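Enquirer: Give me coordinates for this.
(2 chains)
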Amino acid sequence: MEFDRRSFLKLGGAACLPLMFPGVRTWALDEQTASRAALGDRILILVELQGGNDGLNTVIPYRDERYKELRPKIAVPDSKIIDLGNHLGMNDALSPLADAWEAGEASWILGLGYPQPNRSHFRSIEIWETGSDSAEELKDGWLSRLIQGAASDPGRAADGIVLGGGDAGPFYGGSTRVIHLDDPVSFARQARAVPDIARGEDARKALGHLLEVQKDVKRAAQVIEEKRAGAPTHGVKFPTTRFGKRCEIAASLVTAAVPCPLIKLSHGGFDTHTDQPRRHPRLLAELAAGLAALRKALMASGDWDRVLISTYSEFGRRARENGNQGTDHGTAAPHLWMGGQVKGGLAGAQPDLGELVKNDLIYTTDYRRLYATIEQGWFGLEANPSVSRGAVPLDLLRTGKS
Amino acid sequence: MVRNLVLIRNPSRPQYAGQRYALRRRTLAGLLTMTSMLVCLLMTQVSSAQGDEDAAAEASPQPIGIHGASHLLGRTTFGAPLEQLQMYATLTRAEAVKMLLGTLVTESSTPLPSWAKYLPPDIAKLRGKTEQSRKAFQKDSRRWRTELRSWWTRELISSPSPLTERLVLMWHGHFTSELTKVRSSQAMLRQNQMFRRLGSGDFRKLLHAVALDPAMSIYLDMRRSTREKPNENFARELLELYGLGEGNYTEEDIKEAARAFTGYRIDARRGVVRKIQRRHDLGEKTVLGAKGRFGATEVIDAVLAHEACPKWISRRFWIEFVSPTPDEEVLASWGTHLSENNWHLTALLEKVLLSDAFWSEQHRGSLVKSPVDLVVGTIRRFKLEDAPAGAALRTISRLGQVLFDPPNVAGWPGGEQWIDATTLLGRRRFISAELQNLSILCLMNQEQPLPSDRAPAKEPEGDSGESDDPQMEPPSDAAMVARMDASKEVPQRIKMRDRRKYSARVSKLTEKLWRQLGDDAMARNTLIQQWLLPLDPVGQIVARGPIRTRVNSVLLDPTYQLK
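Expert: This is a model prediction of the structure:
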């Protein structure tokens, strides 16, 4: 067996991993030595809920009377709630996820947020996607920094694939290779005609970007084509919604073993300032139907154990409803994790409706603890301060990376 | 490639620049071979020989040349045909900018769609009460949306003042509204006309008009804001994106400003925004340090009085016209210039276009062409104005810029974000395939006009993507584009027979253009590259074979995606 740095760390250095001592903040090693571990074949699928999902009508503190007081017009009625225990319930628009919940493969992580919350869509999604503090501006996406810190793998189709619109977000920046695609077949055909041009010395930034994308396109198309050529079909029927189609393409990439550790899907329309009782359940239902089909397909192909699905959004919405049967921009919210290795159930703590600041929830769990869990628990990398920012991982996975 | 080689002062004196250039070359050669004494002597002789010409050149600066004209017109007008470029090439910077600013207009030239005049009562009547009439209305309003986009595309393509359209597009991306949320084609059209009317005039008037614009009132929920429950949406964006930029206001300013914007409603009969006193918060507010019983007007005045405002607007101009990375010092001086010139936006634009930053070689090719730049610019460069607007519109949308539907309130992020794997391939396809189709359609249209751009379009039945939801996902993606594809205003496929017939004619026209570039192979290559590319090409430019292949090799060079 090759005795490399990583196995050394596993044997001797494991005890210093924060994973073992939750609550202890450690920069395990400096950036240089902590890097360069391989990501293996594990995949993270991020689902961005664009516009700010209303957490309180997603995972609902329905036993708390203050919930209905804050939301006289838009509270989800008890008859439309699936009980999750702990005085919480899930909006029954999410019922397609009940299977995963009962199988213990879905987890709601409650009260995610950060101090001094920013209520601007653009700024707050930037904070989530770069992993920054409220007042700090970081340029690169947090996963781009994770990719830079891990061993690069020339065999990859890309570091990240963004499906069906939306920007690169958490993958953006550095030399991270990101491709966007709507349809893998036409993508491959058109990529063949693109010439190979090396980036010159005096290239402008914009030109450099263009040439990089050209190169990435060619490489990605080649790998995707090869892998998909001999891939089995999963036979699962996906919803025909936009989001359902995106899930279907994600499934086709994973089941064909296209080497790419990061996939991002987006699901839009969550900025429910008005008419929420009608709009929000529909968005949740589309989300749940897409993810349920994705789970089914990945279980059938035997890939479910190597996939982690995580939602995120710029913010939750204000606890107190507005005058238009909607909610304004708020703060903390729960997010969903799913996967064969996910420890199902509720994690973190539900924010207290009795302790609001300007009608907004106070977060209970720093969102970067999710990132630390992905970094260390899921991808098996050492804690890197530029990725997880010193946050402590949560106990959300059955096993660490094997 | 030697830039600024073609210094044609005047088309009737094409020899002049070449002669002077040759003279200087000889002077330099002389320097190398003669003693210093002789050199001095010679130089005196040469300069006296050139005499008046040199003095004139110093007094009035050099003409901008093809390279300069290509830069100026590429940045300000999407792109221009060769003749126009050659005319501008003979002008100095000041002359060229003066001529360009002289083209500004305040009205559109494309006739308005027939439904443009409808006010809310007309629409209520059209909608009717029965299920049948409602269904018919839904169909109509979907058609209006497509026609609205086609109308503006037509204007972008054939307006005699592309600079005006450039500014309208800039303001549309600055004072954003999304048709998907606003849902009224009429209101969006009026907003678009407002940008045309006020977009090159007094900025103060523009900002006041934006606050009372019906589309904006719908888009940022002002029409729902009451004194009991003020809605912060417009107040926030006014400070964050429209007027000042982050860091120049507090959350408290937003809350207070929101109170001032309560009670503004759209007058259903006249389609304008009015203040309803009993819904308006009459109390005292403190916004940006100013205090009073403010309404919309006073808050806008407070924003205009803030020192960050003119600089913020200058930033928008820099990003639009100069480069992605503003120079803060220059912005400050432009801001001062704007406020000292009665907020006249044309004065600011003149300042920008005459600035060293604008002309700096370092900034050439530093901006990525937007889909509108690419498609409209290509059409205008090759004089394909008679191509159907619908065809251009489809490509622009597919490449990620759905007119009247920017992705969010911050507008199109632009720059490098225009180019990802999908849009890169789409841009290449536009040049290698769709451009030929556009050319054929253009010729067919000239010969036998196709149904007008605004002819009633057939809509698909039972479209599940359509909903009456005002805040659906921004439709920069497939579903929306597919819906627009459904409009049958242009034949989707060109018949084989027509393709053969017109392809031959397109080739002839391309050859004619080629001859226009001159007989000398070297000069021709220089000229076509200076005309079309902001930088030296990085790929292989084909020098042999069919002319279309040679032209396409220039257009397919990655630098054509830049400006």
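Enquirer: just for the chain, where's the confidence low?
Expert: You didn't say which chain, so I picked chain A. A:1-36, A:201-203, A:400-402 (pLDDT under 70).
Enquirer: oops, I was thinking of chain B
Expert: B:1-60, B:449-492.
Enquirer: which helix of it spans the most residues?
Expert: Longest helix in chain B, counting residues (DSSP state H): helix B:131-158.
Enquirer: CA-only coordinates of whatever helix or strand comes next after it in PDB, if you can.
Expert: Counting by DSSP states H and E, the next helix or strand C-terminal to helix B:131-158 is helix B:162-174. C-alpha atoms of helix B:162-174 as PDB (Å, rounded to 0.1, in the frame of the first residue of the first chain):
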ATOM      1  CA  PRO B 162     -28.600  53.000 -32.200                       C
ATOM      2  CA  LEU B 163     -26.900  55.100 -29.500                       C
ATOM      3  CA  THR B 164     -30.300  56.000 -28.200                       C
ATOM      4  CA  GLU B 165     -31.200  52.300 -28.100                       C
ATOM      5  CA  ARG B 166     -27.900  51.600 -26.300                       C
ATOM      6  CA  LEU B 167     -28.900  54.000 -23.600                       C
ATOM      7  CA  VAL B 168     -32.500  52.600 -23.400                       C
ATOM      8  CA  LEU B 169     -31.000  49.100 -23.000                       C
ATOM      9  CA  MET B 170     -28.600  50.400 -20.300                       C
ATOM     10  CA  TRP B 171     -31.400  52.000 -18.300                       C
ATOM     11  CA  HIS B 172     -33.600  48.900 -18.700                       C
ATOM     12  CA  GLY B 173     -30.800  47.000 -17.000                       C
ATOM     13  CA  HIS B 174     -30.400  49.700 -14.400                       C
END
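Enquirer: before we move on, the earlier item: figure out how far the longest helix of chain B is from the centre of its chain.
Expert: Here helix B:131-158 shows a centroid-to-chain-centroid distance of 22 Å under the convention C-alpha atoms, centre = their mean, to the nearest Å.
Enquirer: Closest residue of the stretch 101-250 of chain B to chain A?
Expert: B:Lys229 (3.6 Å; C-beta to the nearest C-beta). C-beta coordinates here come from the backbone N, C-alpha and C atoms, glycine included.
Enquirer: That residue: what's it in contact with?
Expert: The contact partners of B:Lys229, by C-beta atoms under 8 Å, 6 or more residues apart in numbering or on different chains, come to A:Asn322, A:Gly323.
Enquirer: Am I right that it falls within a helix?
Expert: No - going by DSSP: H, G, I helix; E, B strand; the rest coil, the assignment for B:Lys229 is coil, not a helix.
Enquirer: Figure out the length between the terminal residues of stretch B:217-228.
Expert: Distance across stretch B:217-228, first residue to last, is 18 Å (C-alpha to C-alpha, to the nearest Å).
Enquirer: Report the buried residues of it.
Expert: Neighbour-count burial for stretch B:217-228 flags B:Ser217, B:Ile218, B:Tyr219, B:Leu220, B:Asp221, B:Met222, B:Arg223, B:Arg224, B:Ser225, B:Thr226 (criterion: 16 or more other C-beta atoms under 10 Å in any protein chain shown).
Enquirer: Over to stretch B:497-508?
Expert: Applying 16+ other C-beta under 10 Å to stretch B:497-508 flags B:Tyr502, B:Ser503, B:Val506 as buried.
Enquirer: what do you get for stretch B:265-278?
Expert: B:Arg265, B:Ile266, B:Gly271, B:Val273.
Enquirer: Stretch B:137-151 too?
Expert: For stretch B:137-151, by 16+ other C-beta under 10 Å, it's B:137, B:139-151.
Enquirer: Need the residues you listed in JSON lines (columns: distance to A:Gly302).
Expert: As requested, the buried residues of stretch B:137-151 are exported to JSON lines (distance: C-beta to C-beta, whole Å):
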{"residue": "B:Phe137", "distance to A:Gly302": "52"}
{"residue": "B:Lys139", "distance to A:Gly302": "48"}
{"residue": "B:Asp140", "distance to A:Gly302": "52"}
{"residue": "B:Ser141", "distance to A:Gly302": "49"}
{"residue": "B:Arg142", "distance to A:Gly302": "45"}
{"residue": "B:Arg143", "distance to A:Gly302": "49"}
{"residue": "B:Trp144", "distance to A:Gly302": "51"}
{"residue": "B:Arg145", "distance to A:Gly302": "46"}
{"residue": "B:Thr146", "distance to A:Gly302": "46"}
{"residue": "B:Glu147", "distance to A:Gly302": "51"}
{"residue": "B:Leu148", "distance to A:Gly302": "50"}
{"residue": "B:Arg149", "distance to A:Gly302": "47"}
{"residue": "B:Ser150", "distance to A:Gly302": "50"}
{"residue": "B:Trp151", "distance to A:Gly302": "54"}
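Enquirer: nearest to B:Arg497, of those residues?
Expert: B:Ser150 (27.0 Å; C-beta to C-beta).
Enquirer: The closest one contacts B:Ala389, doesn't it?
Expert: Yes - using C-beta atoms under 8 Å, B:Ser150 makes contact with B:Ala389 at a distance of 4.8 Å.
Enquirer: Check which helix or strand A:Ala289 maps to.
Expert: Judged by DSSP H and E, A:Ala289 forms part of helix A:276-300.
Enquirer: How far off centre is that helix?
Expert: 15 Å.
Enquirer: And for stretch B:437-452?
Expert: Put simply, stretch B:437-452 sits 25 Å off its chain's centre (C-alpha atoms, centre = their mean).
Enquirer: So which bits of that stretch are buried?
Expert: Counting neighbours by 16+ other C-beta under 10 Å, stretch B:437-452 gives B:Asn437, B:Leu438, B:Ser439, B:Ile440, B:Leu441, B:Cys442, B:Leu443, B:Met444, B:Asn445, B:Leu450 as buried.
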